[in-house]
Every structure is written in C-alpha cells, then in structure tokens.
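Enquirer: sharing a model that was predicted from the sequence below.
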Amino acid sequence: MLRYVAVRLVTLVVSLVLAAVVVFVVLRLLPGDSAGTTLGVGTTTDQLDQLRSELGTDRSALTQLGQWAGALLSGDLGTSFVSRLPVGELISSKLPITVPLSLAAFVLSVLVSVPLGVIAAVRRRGVIGVAVSAVSQLGVAVPVFWVGVLLVWVFALRLGVLPPGGFPRQGWDDPGAAVRSLVLPVVTVSIAMSSVMVRYVRSATLDVLDQDYIRTARSLGYGRWQALARHGLRNGAVPVVAILGIELATSLLGAVVIENVFALPGLGTLLLDSVNGRDLPVVQALVLAITAVVLVVNFFVDLLQRAVDPRLRLGSTLGTSGGSR
Amino acid sequence: MTDQLDAPRVPAGAEVEPVEAGTPRRASARRLRSPSFVVGAAMVSVVVLVGLVAFFWTPYTIGSRGTGERLGGPSAEFWLGTDKLGRDVLSQLMAGATNAVVVAVCSVAIAAAIGIALGILAASTTRWVDVAVLNVVDLMIAFPTLLLAMLIVTVRGASLSSVIAAIGISGAAVIARITRVNASRVLREDYVVAAAASGTGWWGTVRRHVLPNVAPTLLVQLMLLAGAAILAEASLSYLGLGPRPPYASWGRMLNEAQSTITAAPLAAILPGLLIAWTVLGLNLLGDGIRERSDPSLRGDR
C-alpha cells in the first residue's frame, strides 16, 4: 500500500507539472496577441510595446515559462492584465461563492442519488425502478443551464419565492439572503449530477445483486435488503467511490457554468470574464487550479478505492482497473 | 495507477468479449428488436433531416436583424413566434439543428481519427510508447473539456472551429483509452497469434481482427460522444464562447431568450427541448448498439 501511495503521488506531481506546461503552451504559444486585444484598436506601437514588456509577453517562451513556474512555486499566481489585481487575491475573493455552491450541490446529489440508485436496482422491474431509470436517462440529456433558466422562470419570476440571481452585496454577512440566492443554483447543479450518479449507483448495485455471495446469503434466509446491507454495501462502494470523486470535480465545473446563469460573482464568472477579456494570467491560474483540484480528487479516489477493496491491493502497483468485480 | 483515473467514465459493458471476425452474428435481427435502438435512431434521424433541410432552406434567412415584430407570439407568418430582435424562432431552431449536426459529426470524426490511431498504436507497440500514450491520455481525460475549450477560445477567439477542436481533442483521449483497452485484449487472443504465425502483417492483423472486434464498443462510445459534444457546444454557446452569427446555435438562442422568458417563453423552452431530444436520441442509440453487441445487458442498464 505504501509503495502504491508513493508511486501514485509521483504520478500526481508529474501530471500537475504536465498540466501546467500544457496550459502554458496552449495560452502562450498558439498565435494571438494579448497586448493587442487588451488595448483594443487604435493604439500606437509604442503603447503596445510598453504593455508587452510590462506583461512579459515580449520575452522568449522558455523565459516566460521559467518565470511563471518560479512564481507559482513561491505561491505567486501573477497579476491580472485587466484589473491589475493579484490573481491569488482575485481567486480567493470568489471562493466564498463557488466552494459552498459546489459542495452543497455535491452533498445534495449524493443524498438523493445513492438511496434512489439502490432502490431502483433492488426494485428494478417495479414502478420506482423504471421511473428512476427513465428520469435519469432524461436528466443526463438535458443541458444544465436550461434547467437553471427554467427554475428561475418558475420559482423566481412566476412564484417570486426565491431571487432570480445575483448575490447579496454584504455576502455571507447576510446569511439568510446568501443562502436564498444559492438555493436555485445548488438545486440546478445537483439535478444534473444526481442524474449521472444515480445510474452508476444503480448499475453498481445490480452488479452486486448478481453475485454468488448475495444468492448464498438469500438462501440462508436473509431478505434482499439484509443481504445487500451485510455483504453488498462494501462491494458496491468501490465503483461508487470512483464516480463520487469524478462528480465532486464535476460539481466545480457545473458551478462554473451555473454561476453565469444566476449572475453569481464566483470563480465561473471570473473565468468567463477573463476568457472574454483575454486576461491570460487569470485564465492560466484558474484553469490550472481547477485541473489541480480534479487531479488531487482523482488521487484520493484511487487511495480510497484501495482502502475500501483490499482485493485491489493484491495486484501490482500498476494495478488493473477498479471495475465492478 | 493509470487505469483508474478514468475507470468510471467507461460505462459498464464498454469492454465486450472479442468476437472472431466472421463469426455469424444475428446482429440485424437483434438490432430490430432493441426498442432503444429504434427510438434513438428515429429521434436522431429527425434532427439530421431538419439539419439537412435547414442547410439549404429556412423559412426566413438567419441574420442579425429580424423581419417581424419583436417578441411576437406564434402566428401564421411566424409559426413559433419571434425573438427580441424580431427574428423567426422556427428558422433559428432549424439552423440550430444544422449547427448541432456539424458539431457532432466533426468533433466525433476528429476524436475517432486521433483516438483510434493512438489507441491501436499504444496497444501494439513497445511498452514505453504504451505507457507514454496512456499517461498523456489520462491527463487529457482528467482535463475538463470545458476548460480546454476556454483555453482555446482565449487564444483563438470564439468560433465554430475552436469549439470543434476542443471537443474533438477531449473526445480523442476517451476513444484512445477505450481502443487501447479493447485492442490489447484482442491482440492477446490465440487467433491473432495464429494469424501472426501464418504470416499476417501488423496492418493485416489490425484490419482483419482488431478493428472488427473493437468496432461495436467504439460505435457505442462515439454515439455517447456525439451527445456529449452537442451538450458541450450548447454550454459553450450559452456562455458566449461558441460559434458566432451567422451560425445559429441552440445554446446561444437560450442565452438570448433568457432575459425575455416571461414575455416569450417558447424561444427559451424550445432550444433546450431540442438539445435534450437530440442528446437523448443519441444516448438511446448508443444503448441500442450496446444491447445489440451484448444482449445480456438488455433492460438492465
């Protein structure tokens, strides 16, 4: 196990470095002139040159990469081209919106999809089983932002029970208003996530129900639910842990899209504004930060899977896929 | 380690047992009996047909300025009403179908071309190439499509080709991994060893044994990918990062109609319904193809 952790940790670090290089290469080496776009048309070459040297985009790519990497390691994410604020400060000022949004959506969708998925599997031919399958099939096909638009229409514009968007100026100093403004976004993101998760939970539970040890337990007189609770949960948990990890990362991305539907001033809005303004340091830092979260979550998912299923530890450190058997 | 990053993204049943080329399959009979396949194919056909028609003809031209009154309701002249610029909603929806078909076909083609080539390369060459390809592929899979698209748009600007490139490259990683897993399984089969012993070359083996065996699984994945591509394009267009006018896009229509949803709900509801319809159709089609290649899955997934 220790050896596995070590190997996996090295892969994580290598992946992070590679991700940083990819982000840098795409942003800096593909054709395009951020200085020109920042200043717009009608600027003199002198102004452009001055901005370029200020931004550092007139130096060679390798120098820029070195400088960026050095700054990253010392915790300096750079300075926004547009607002001239430190990127780290910009990002941390947005966290109080994006982090609660994605975590709440994640928790809500786990609470909804795990019980629903298990029930749908146990009663697969019953009304609940068929209904859950049909609704989740529809849920994965529906665009998440459309769900948000419809929820705003019904609950904010027609019924007037919740705000249509925005975040209170006082932020979390006005907790009631802050929570109210996050209700619809959280529900929107978790509808999309639950639809995906419920399918995985259902199929993991179905796999478990087909196993010999469940049949044996049933033949010993356990009921379906008892057998599942005693022998099935841990076995079914392995693929479910994996999908929960992926979905935790997805919740962050969902938040990025949904913030724009609800005009929430979080990371997603910052990212979109920066993309539109070609604010390279901010885009670079945000994309890398989100990718890092995804990679780190994947890392912990792998470890957690091994902790849950000792059989995975038996293979070589390179291991095989933690599939359903 | 590497195998685990994307394990959950490969749905159960994505790895089929190899079928030796030439084994009789009652594929067409089973395909007809799969309700998912029939319904999915019908749903997708409608969209493709409308997209084809709209490529040559729409009731009104797709422009930046409309010809009707603003936010008009459904009428004999404008069947589904007009949007806030007085443009015909029906014409835009039809042109949106063309856009969706183009995005799906092009990005899936890119993903298939790069992904299958990389996957077979990884499965059939030396271990070092394999490890290198797998690690790059895993990194790409962990790298969200949305973020890749945003990077590309930052550099190249919002356009149809930026969106297709981003979705195609992300999809290529998934296809490469699935091809690699299934191809290396086929390559270990006795009949492949026998083929090599009887003098069949690398390309002959790939063409006669590997490709036919991985094709059903890949086809399922490509269908799912087409659905994901349409959803991704819609998200990007909704965020204003998608194709620009004169290309119509369901995602952008939704964005434009959002502020006027109380006055003209149809213009905001219909694009979303069409996206869901198309993606649902493609997912059902994928399920249907999977059932065809592995009948034991029927009704359970």
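Expert: Cool, the structure landed. Numbers count the residues shown, from 1 in each chain, chains lettered A, B, ... in the order given.
Enquirer: which intervals of chain B have sub-threshold pLDDT?
Expert: B:1-33, B:63-68, B:70-71, B:76, B:78-79, B:294-301 (pLDDT under 70).
Enquirer: in chain A, which residue sits closest to chain B?
Expert: residue A:146 (3.3 Å; C-beta to the nearest C-beta). (Each C-beta comes from the backbone N, C-alpha and C, glycine too.)
Enquirer: surely that residue meets residue B:279?
Expert: No. Contact criterion C-beta atoms under 8 Å: residue A:146 and residue B:279 do not qualify, at 11.2 Å.
Enquirer: and these two? Which one has more around it.
Expert: More neighbours surround residue B:279 than the other of residue A:146 and residue B:279, with 28 against 25 (other C-beta atoms under 10 Å in any protein chain shown).
Enquirer: so which strand or helix has that one?
Expert: helix B:265-293 (DSSP states H and E).
Enquirer: do the same with residue A:107
Expert: Element membership for residue A:107 (DSSP H and E) is helix A:87-122.
Enquirer: helices or strands next to that helix in the packing?
Expert: Using 3 or more C-beta pairs under 8 Å, 6 or more residues apart in numbering or on different chains; DSSP states H and E, the elements in contact with helix A:87-122 are helix A:127-141, helix A:175-209, helix A:233-261, helix A:267-276, helix A:280-308.
Enquirer: pick out the shakiest of those helices, pLDDT-wise.
Expert: Across the helices and strands packed on helix A:87-122, the stretch with the lowest average pLDDT is helix A:233-261; it has a mean of 82.
Enquirer: how about it: buried residues?
Expert: Neighbour counts over helix A:233-261 (16 or more other C-beta atoms under 10 Å in any protein chain shown) mark A:235-261 as buried.
Enquirer: filtering those residues by proximity to chain B, which remain?
Expert: With C-beta under 8 Å from any C-beta of the partner chain as the criterion, the members of those in contact with chain B are A:239, A:242-243, A:245-246, A:249, A:253, A:256-257, A:260-261.
Enquirer: and those residues, which is closest to residue A:303?
Expert: residue A:245 (10.3 Å; C-beta to C-beta).
Enquirer: isn't the closest one right next to residue A:295, touching?
Expert: No. In terms of C-beta under 8 Å, residue A:245 does not count as a neighbour of residue A:295; the distance is 10.9 Å.
Enquirer: burial count for residue B:214?
Expert: By other C-beta under 10 Å, the burial measure for residue B:214, its neighbour count, is 27.
Enquirer: quick check: it touching residue B:179?
Expert: Yes. Using C-beta under 8 Å, residue B:214 is in contact with residue B:179, at 5.9 Å.
Enquirer: for chain A, what's its nearest residue on chain B.
Expert: Going by C-beta to the nearest C-beta, chain A is nearest to residue B:272 of chain B, at 3.3 Å.
Enquirer: who are the contact partners of that residue?
Expert: Going by C-beta atoms under 8 Å, 6 or more residues apart in numbering or on different chains, residue B:272 touches A:142-143, A:146, A:149-150, B:250, B:254.
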